[in-house]
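Student: have a look at this prediction, sequence included:
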Amino acid sequence: MGLLSKGTSLSWEDTKKHADHVRKVGIQQLIAHYHRLKDRTNDQLKFGDEIEYTIVRLDHEKKVARLALVGPETLDKINEEEQRTPQEHVQTAWVPEYASYMIEGTPGRERPYGWCVMNYNIVESNMKMRRNQLVKALEGTGCIPLCITGFPRLGCPSFTDPQYEPTPTGGLSNSLFYPDEAIWKGHPRFKTLTRNIRQRKGENQAINIPIYKDQATPSPFVDHIPTTDETCLKNTMADHVYLDCMGFGMGMCCLQVTFQAVNIDEARHLYDQLAVLCPIMLAISAATPAYRGYLCDIDCRWDIISGSVDDRTKEELGLEPLKNDKFVIPKSRYDTISCYIHPTSDAFNDKPFPFDEEIKKTLQTQGLDEHLAHHFAHLFIRDPISLFEEKVQQDPEKETDHFENIQSTNWQTMRFKPPPPGSPIGWRVEFRPLELQLTDFENAAFVVFVVILTRTILSFGLDFRIPISKLDENMRRAVKRDAVKKGKFHFRKTIIPGDDDDDDDETDGASPPAPQEYEEMDIDTIINGKGGFPGVIPLMRMYVNSLEVDVDTRCTIQQYLKLIQKRASGELSTTATWMRNFITQHPDYKQDSIVNDRITYDLLVACDRISKGETCAELTGSLHSRTIRDIETCPGTAKRKSQSEDVSVKHRKMSQNN
Ligand code: ADP
Ligand code: MG
Ligand code: MG
């Protein structure tokens, strides 16, 4: 979760006092850094994923599932294991996440996957290795790791193990539902963010999720929350489930992909192109139909996490006239991108957004172009919300902490990442909307899909850009129940350059496509093509077919593309639909939207089985992992001696090459 500096965290009051200083020095750091690195080029593709795991304790006697608050000690255990057998751990890295029932795993430090095509075949093995390490570290605790985006009963009474009471009138979260003990114990950042975001806002978050109205759901549905507090009660809405703190959002898990571009220009280009695919891929990855024990009418977590770290004051929300604050801000810190950043994308930025004029001027005077200056001047309207005393005084030339502070607490669908100081890493872009799938196979499919998509965009010069206003609308549609099957999304009719009938219409970035150049399409059309529209996957196949690939890797890629293809066409269910069906078909379910303890337990037992390899036809059909089996059915593939040996040898070779 971004910057993880340690130290003595300052109160919100003191952090606020330093806000201008942090912004000022942060911008100086950006400028110094930019000048050192703007001409850096010829970096190769490298990429890496981030998986946030949920640690669950299943009580098989009582038939209940609880979130086990063992993340910090599990991380210690993995680190000890790493000290003992460093060679077995070079390919993985583990870091804390928001909640004590979470932990994040990535490919090894300074060991991202490389440009060579064979790397697409390593992602899943690496994920498997991570899962095995985690399972091993949890041995004897009765806990299991799961790749679920949200625990269906997050915030219900006694959802954690050990159980703790929430503290609605004190503490960090001030929540009616979420005890502070659920927040990661070992690191101050998460607790500080929780308190400061709430204090900056001036009251608790209030997130209302539309309930799924089933036959026996009361109408209107009233969420009876355990309080007489007027403000809370005023914030609830009929027919909605109410959530009230950061933990409901940051206490959920996701899948992210970061990749390295050749240079800054390519990074900006891919940032813009992939931004358009965010809502589409979010909808295909949808995995969260239930919240606080209720089945809801959405399939994705996005709006909840957006609301959970929304620190805007009443003035910034436009509810009161600006007096103490500087801007009315239309979006949360966690939201879709506010603008495209490539110089040719200007015409698509059709929605004004607040930015700090002085910062923009400074950046431009110091040589950043208008578009990049605009982007950072927008990110820098935010206050720092976590600051350590020891880090207040910073070197504006050599360090980048203040820049990273603001940058890493702008949680947008895409993130444009400058190279870290003094490292071999180049300009990177992070793709951030995806929800988690149950298996390594599916998660690898999404990761590899996104990376091959970037290659296809570059190879064919594809152009997906639509006006930002349309992109925002797509995001609102993407989270809805069954968006893959029922949703319509604004999309360009022409994505291959020079493919339109009339060449004069071609968009060069100077003007946005005329309204007749995009239309509303369903996800099947966008991904698989229909009529005259080529579809994203057929283009990706053309790209893949043009590669020299070993059979083994080709088979794997084919399975991955087929998975996304079938999810997009509706032939296979999204994880959210599968979970929804599991819940509504459960004998304990009373058509009243309530997801009780027993249903949750059975659902998570099923998730566990699927994670361990049990086939779920609804989710994956006849598709299956090619990476972790001997692939005798693929002609020409040499039988492997030992999977793990094979993979680690490959991985070592790869890293040496890069
Ligand atoms: P975040 O700020 O998103 O937490 P991290 O530093 O944790 O970012 O890294 C995110 C991902 O970036 C990891 O999967 C890691 O493997 C990957 N990564 C590391 N180095 C590179 C690189 N040079 N190019 C692309 N990805 C990289
Ligand atoms: Mg991370
Ligand atoms: Mg990340």
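Tutor: Sure thing, it's come through. Ligands and ions are numbered 1, 2, ... in the order given.

Student: all strands for the stretch 1-150 of the chain, in order.
Tutor: With DSSP state E, counting those that start in this stretch, the ranges of strands along the stretch 1-150 of the chain come out as 47-59, 64-68, 92-95, 102-107, 143-146.

Student: of those, which is nearest Arg131?
Tutor: Across the strands of the stretch 1-150 of the chain, the minimum distance to Arg131, taken as Cβ to Cβ, is reached by strand 143-146, at 6.4 Å. For the C-beta atoms, the positions are set from N, CA and C on the backbone; glycine is no exception.

Student: which strands or helices does the closest one pack on?
Tutor: Strand 143-146 makes packing contacts with strand 47-59, helix 123-138, helix 597-611 when contacts are defined by 3 or more Cβ pairs under 8 Å, 6 or more residues apart in numbering; DSSP states H and E.

Student: make CSV from those and add mean neighbour count and distance to Ile537 to it.
Tutor: Shown next, in CSV, are the helices and strands packed on strand 143-146 (neighbours: other Cβ atoms under 10 Å; distance: least, Cβ to Cβ, whole Å):
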stretch, mean neighbour count, distance to Ile537
strand 47-59, 23, 19
helix 123-138, 22, 18
helix 597-611, 20, 24
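
Student: of all these, which one is nearest ligand 3?
Tutor: Shortest separation from ligand 3 across those is recorded for strand 47-59, at 4.8 Å, computed as Cβ to the ion.

Student: what's the mean pLDDT across that closest one?
Tutor: The pLDDT scores in strand 47-59 average 98.

Student: give me the angle between that strand and strand 64-68.
Tutor: Following axes from the mean of the first three to the mean of the last three Cα atoms, to 10 degrees, one obtains 130 degrees for the angle between strand 47-59 and strand 64-68.

Student: report the angle between strand 47-59 and helix 597-611.
Tutor: Using the same axes, to 10 degrees, the direction of strand 47-59 lies 140 degrees away from that of helix 597-611.

Student: and strand 47-59, what does it pack against?
Tutor: Of the remaining helices and strands, those touching strand 47-59 by 3+ Cβ pairs under 8 Å, 6+ apart are strand 64-68, strand 102-107, helix 123-138, strand 143-146, strand 255-260, helix 440-460, helix 597-611.

Student: the ones you listed into TSV, with extra columns for distance to ligand 3?
Tutor: Putting the helices and strands packed on strand 47-59 into TSV (distance: least, Cβ to the ion, whole Å) gives the following:
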stretch	distance to ligand 3
strand 64-68	22
strand 102-107	8
helix 123-138	15
strand 143-146	19
strand 255-260	4
helix 440-460	13
helix 597-611	22
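
Student: would you reformat the ones you listed as CSV and include distance to Glu203 and mean pLDDT?
Tutor: Conversion of the helices and strands packed on strand 47-59 to CSV gives the following (distance: least, Cβ to Cβ, whole Å; pLDDT from 0 to 100):
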stretch, distance to Glu203, mean pLDDT
strand 64-68, 26, 98
strand 102-107, 26, 98
helix 123-138, 37, 96
strand 143-146, 33, 98
strand 255-260, 30, 98
helix 440-460, 37, 98
helix 597-611, 30, 98
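
Student: columns distance to Glu357 on top of these, output as a markdown table?
Tutor: Written out in a markdown table, the entries for those read as follows (distance: least, Cβ to Cβ, whole Å):
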| stretch | distance to Glu357 |
| --- | --- |
| strand 64-68 | 45 |
| strand 102-107 | 37 |
| helix 123-138 | 44 |
| strand 143-146 | 47 |
| strand 255-260 | 31 |
| helix 440-460 | 33 |
| helix 597-611 | 50 |
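
Student: export those to a markdown table and tack on distance to ligand 1?
Tutor: Shown next, in a markdown table, are the helices and strands packed on strand 47-59 (distance: least, Cβ to the nearest ligand atom, whole Å):
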| stretch | distance to ligand 1 |
| --- | --- |
| strand 64-68 | 22 |
| strand 102-107 | 4 |
| helix 123-138 | 10 |
| strand 143-146 | 18 |
| strand 255-260 | 3 |
| helix 440-460 | 9 |
| helix 597-611 | 20 |
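
Student: between those, which gets nearest to Glu82?
Tutor: Using Cβ to Cβ and comparing these, the one that lies nearest Glu82 is helix 123-138, at 8.9 Å.

Student: show me what contacts the most centrally placed residue in the chain?
Tutor: Against the mean C-alpha coordinate of the chain, by Cα atoms, centre = their mean, the closest residue is Arg432 at 3.6 Å. Remark: with contacts taken as Cβ atoms under 8 Å, 6 or more residues apart in numbering, Arg432 is in contact with Cys254, Gln256, Cys278, Trp411, Gln412, Thr413, Met414, Arg415.

Student: and the host helix or strand of Glu404, which residues are buried?
Tutor: Assigned by DSSP states H and E, Glu404 falls within helix 401-407. Across helix 401-407, burial judged by 16 or more other Cβ atoms under 10 Å covers Asp401, His402, Phe403, Glu404, Asn405, Ile406, Gln407.

Student: distance to Ala483 for the helices and strands packed on strand 143-146 - can I get that in JSON lines?
Tutor: Below are the helices and strands packed on strand 143-146 laid out as JSON lines (distance: least, Cβ to Cβ, whole Å):
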{"stretch": "strand 47-59", "distance to Ala483": "22"}
{"stretch": "helix 123-138", "distance to Ala483": "26"}
{"stretch": "helix 597-611", "distance to Ala483": "21"}
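
Student: helices and strands of the protein: which one bottoms out on pLDDT?
Tutor: Among the helices and strands of the chain, helix 643-657 carries the lowest confidence by mean pLDDT, DSSP states H and E, at a mean of 37.

Student: any idea how far Val70 is from Val309?
Tutor: Computed as Cβ to Cβ, to the nearest Å, the Val70 to Val309 distance reads 25 Å.

Student: same check on Cys607?
Tutor: When Cβ to Cβ is applied, the distance between Cys607 and Val309 equals 27 Å.

Student: end to end on stretch 524-536, go ahead and measure it.
Tutor: Terminal residues of stretch 524-536 lie 10 Å apart, using Cα to Cα, to the nearest Å.

Student: tell me the mean pLDDT for that stretch?
Tutor: Confidence over stretch 524-536, taken as the mean pLDDT, stands at 97.

Student: in it, what counts as buried?
Tutor: For stretch 524-536, a neighbour-count test (16+ other Cβ under 10 Å) marks Asp524, Thr525, Ile526, Ile527, Asn528, Phe533, Pro534, Gly535, Val536 as buried.

Student: which parts of stretch 220-236 are buried?
Tutor: Using 16+ other Cβ under 10 Å as the test for burial, stretch 220-236 gives Phe221, Asp223, Ile225, Cys232, Asn235, Thr236.

Student: looks to me like the second one is in a strand.
Tutor: No - the assignment for Asp223 is coil, going by DSSP: H, G, I helix; E, B strand; the rest coil, so no strand is present there.

Student: so what does it look like in phi/psi?
Tutor: phi -80, psi 100 (degrees, to the nearest 10).

Student: only C-alpha atoms, please: export the helix or strand containing Arg415 in PDB.
Tutor: Per DSSP H and E: Arg415 is located in strand 414-417. As requested, C-alpha coordinates have been extracted for strand 414-417 and formatted as PDB (Å, rounded to 0.1, in the frame of the first residue of the first chain):
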ATOM      1  CA  MET A 414      -4.100   4.100 -12.900                       C
ATOM      2  CA  ARG A 415      -0.900   5.300 -11.300                       C
ATOM      3  CA  PHE A 416       2.000   7.000 -13.200                       C
ATOM      4  CA  LYS A 417       5.200   6.100 -11.300                       C
END
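
Student: name the helices or strands packed onto that strand?
Tutor: Under the contact definition 3+ Cβ pairs under 8 Å, 6+ apart, strand 414-417 sits against helix 264-285, strand 428-431.

Student: looking at the ones you listed, which is closest to ligand 1?
Tutor: The stretch from these with the least distance to ligand 1 (Cβ to the nearest ligand atom) is strand 428-431; that distance is 5.0 Å.

Student: the next helix or strand along the chain from the helix holding Glu404 near ligand 1 at all?
Tutor: Proceeding C-terminally, helix 401-407 gives way to strand 411-412 as the next helix or strand, assigned by DSSP H and E. No - counting by Cβ under 6 Å from any ligand atom, ligand 1 is not contacted by strand 411-412; separation bottoms out at 9.8 Å.
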